[in-house]
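**Q** heads up, no residue letters with this:
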């Protein structure tokens, strides 16, 4: 029988780009990002789906045509695997759920 696992913020793994990785399995991960002054990065894609919920602030997500999708606090966005995108944020706290972790 599986057990419930409690992960306290003090013991969560901090990734190379500042993401706080609370849960990681072979099928998904759950991360918290405290984004401050995030410059728009070059467009890229990932081999997994990403769902992002904006807790506070505003996140800008740009598609392959550079259309700015403004994701405000309380809103979410789904970026399917193999979709070209970029992001920027002056100040935003977001929860990110990644699927099909490789």
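**A** On my side now, so go ahead. Given the structure is predicted, the values throughout are model-derived calculations rather than measurements. Numbers count the residues shown, from 1 in each chain.
**Q** point out where this protein drops to low pLDDT.
**A** The chain contains residues with pLDDT under 70 at 17, 101-102.
**Q** now the strands for it?
**A** Secondary structure of the chain, counting by DSSP state E: strands at 13-14, 20-24, 28-38, 50-62, 68-72, 76-79, 86-99.
**Q** so which of those strands gets nearest residue 44?
**A** Judged by CB to CB, the one of the strands of the chain that comes nearest to residue 44 is strand 86-99, at 7.1 Å. C-betas here are computed from N, CA, C, even on glycine.
**Q** pairing partners for that closest one, with directions?
**A** When pairing is defined by DSSP bridges, strand 86-99 lines up against strand 28-38 (antiparallel), strand 50-62 (antiparallel).
**Q** any chance of those in CSV, with distance to residue 83 and mean neighbour count too?
**A** Shown next, in CSV, are the strands paired with strand 86-99 (distance: least, CB to CB, whole Å; neighbours: other CB atoms under 10 Å):
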stretch, distance to residue 83, mean neighbour count
strand 28-38, 18, 17
strand 50-62, 9, 18
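**Q** TSV for the ones you listed, including distance to residue 99?
**A** Shown next, in TSV, are those (distance: least, CB to CB, whole Å):
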stretch	distance to residue 99
strand 28-38	5
strand 50-62	8
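**Q** identify whichever of the strands of the chain lies nearest to residue 6.
**A** Of the strands of the chain, nearest to residue 6 by CB to CB is strand 20-24, at 10.4 Å.
**Q** on that earlier part again, so which of the strands of the chain is nearest residue 7?
**A** Here strand 20-24 is closest among the strands of the chain (CB to CB), at 5.3 Å.
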